[in-house]
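Novice: Please find the sequence and the predicted model below.
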Amino acid sequence: MSTLRTRAAVLIADDRARPYAESRPIEVMELELHGPGPGELLVRVDAAGVCHSDLSVVDGNRPRPTPMVLGHEAAGEVLELGTGVTDVATGDRVVLVFVPRCGSCAACAGGTPALCPRAAAANTAGELLRGGRRFGQRTEGGLRGQPIHHHLGVSAFAEYAVVDRGSVVVVPDDLPPTTAALFGCALLTGAGAVLNTAAVRPGESVAVLGLGGVGLAAVLGAVVAGAHPIVAVDPVAHKRELALDLGATHAVDPTTEGGTVGQVRELVSGGVHYAFEAVGSAAVLGDAWSATARGGTTVAIGLPHPSQELHISAAQLVAEARTLVGSYLGGAVPERDLPRLVELWRAGRLPVERLHSSSLPLDDVNAAMDALADGGAVRQVLLPHG
C-alpha cells in the first residue's frame, strides 16, 4: 500500500463565528494519505463543489466528528486501484458520490442505494465504507495525534482522496471537471428529486423553493420532465433570473406581498402538483406544503437542523389525499442515472455548467463558506491543484 502527502482542507472546529475568513474554522494543511486498501481507489481531485452540506458541518447544523477533511461533491482521475477492483482502470475519469454503496444490502439490491445502512453508519462515523480512515495522524503542529475523519466517504477538499469503489461512477473524458463535480451531488439530488422521487410528468405544475445548486438542478429536472408551469422561489434576485434563464416560467420573491404561498397559489390556482423544498428549513418546507394542491406531493430535499420539526394537519393529509415525501440523493441509482444525465447534458438539455458560480483555490475555502452562507453563490468550485 503506497503512502503520499496531500494538502487538504481540515475542519478543526464547528463552533467558530462568521466571518469564517477571519475565524478560520477550516485549516489547509499537509496530511499523510495511505493508499487504497481492498475495494478502494486513489483519486486525484480535479474539482470539488462547495455545497450547503459542507457549510452545515462547519456551522454545526449537521454535527460530524472533527477534525475532518471536508468536501463531498467532486470529480477527478483514478491514479491507483486497491486489490479486488477490476471494473475501473487507472486514468478513468470519475464523479464522486457522497453515499457509498455496499451493493449487497436490501437497500442496494432493492434500488435505493442512498439508504444503504452500512454507508450511513460509515458516513456518520467519519470513516470509509470498509472501516477506518486513510488519513495519517498528524505528528507535528496542530491536531497532533488526533485521527482525521472523512466527510461522507469522499473528503474531496484535498489534492488526493482515497475512496471506496462504491463512491465513484466512471464518466466520459469530455465532461469538464468543474461541470462533472456538480453531477455528484447537486444534479443527482435536485434533478433526481424531480425525475425519480416525484416522477413528474409533462404538463404537471412544479414549484421549487430555494435556488441554490440543488434547487436550480431541480428546476433543470423539471424542464427535462416537461413540467408546466415551473415556479422558482428565492429572495435573491440573480438566482431568480438564472432560474428563468434555465427554463422556469415564473420567479417569486418570498419576501414580497403574499409570501411564497400566496404568490404560488395566485400563479397556479389551487396550488401546484409538486412543491420541492431545497433550503433545509422546516419553515420553508411548511410553505411548500401549503403551496401544494389537493392530491399533490410535497418533496423535502434540504436537510434542516435535527432539532427542527414540521407541523402539518393530519386531517388535511388524509382528506386531501396529500403526500409528503423525503428525497435523499434524489432517489438516485448513480450507476444508472449519471450516464443518462450526462447524455442529456451532451444534448444541451441539462446545462449544468450554468450553476457554476466561480472557481477558487483550496486556500480560499473559508471565504467560500462565507459566500455560501451569505446566500449569493450558487455553486463555487474549489480547484485543489490550482
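Specialist: That came through, no problem.
Novice: Convert the helix or strand harbouring R336 to CSV, retaining C-alpha atoms only.
Specialist: According to DSSP states H and E, R336 maps onto helix 334-346. Extracted in CSV, the C-alpha atoms of helix 334-346 (Å, rounded to 0.1, in the frame of the first residue of the first chain):
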residue,chain,number,x,y,z
PRO,A,334,-25.8,6.6,-9.5
GLU,A,335,-24.6,3.9,-11.9
ARG,A,336,-27.9,4.1,-13.7
ASP,A,337,-28.7,7.8,-13.5
LEU,A,338,-25.4,9.5,-14.1
PRO,A,339,-24.9,8.2,-17.6
ARG,A,340,-28.4,9.3,-18.5
LEU,A,341,-27.8,12.7,-17.1
VAL,A,342,-24.5,13.1,-18.9
GLU,A,343,-26.2,12.2,-22.2
LEU,A,344,-28.9,14.9,-21.5
TRP,A,345,-26.0,17.4,-20.8
ARG,A,346,-24.4,16.4,-24.1
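Novice: how far away is the residue positioned nearest the centre of the chain from R201?
Specialist: Of all residues in the chain, the one closest to the mean position by C-alpha atoms, centre = their mean is C185, 3.4 Å from it. As judged by C-beta to C-beta, to the nearest Å, C185 and R201 stand 26 Å apart. All C-beta spots, glycine's among them, are computed from the backbone N, C-alpha and C.
Novice: and if you look at Q308?
Specialist: Remark: distance between Q308 and R201 (C-beta to C-beta) = 31 Å.
Novice: ditto for D92
Specialist: 36 Å.
Novice: of those two, who's got more company?
Specialist: Neighbour comparison, D92 and R201: the larger count goes to D92, with 18 against 11 (by other C-beta atoms under 10 Å).
Novice: which residues sit in contact with the more buried one?
Specialist: E77, V78, V170 (C-beta atoms under 8 Å, 6 or more residues apart in numbering).
Novice: before we move on, back to that, can you mark which positions in the helix holding R336 are buried?
Specialist: P334, D337, L338, L341, V342, L344, W345 (16 or more other C-beta atoms under 10 Å).
Novice: same check, this time on stretch 153-171
Specialist: Buried, per 16+ other C-beta under 10 Å, within stretch 153-171: 153-169, 171.
Novice: in this protein, which spans are helices?
Specialist: Per DSSP state H, the chain carries helices over the ranges 20-23, 52-58, 106-109, 117-125, 177-182, 188-192, 213-225, 237-246, 259-267, 282-290, 314-319, 334-346, 365-374.
Novice: These into CSV, with extra columns for distance to V299?
Specialist: What follows is those, written out as CSV (distance: least, C-beta to C-beta, whole Å):
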stretch, distance to V299
helix 20-23, 31
helix 52-58, 17
helix 106-109, 19
helix 117-125, 20
helix 177-182, 20
helix 188-192, 10
helix 213-225, 9
helix 237-246, 17
helix 259-267, 15
helix 282-290, 8
helix 314-319, 15
helix 334-346, 17
helix 365-374, 23
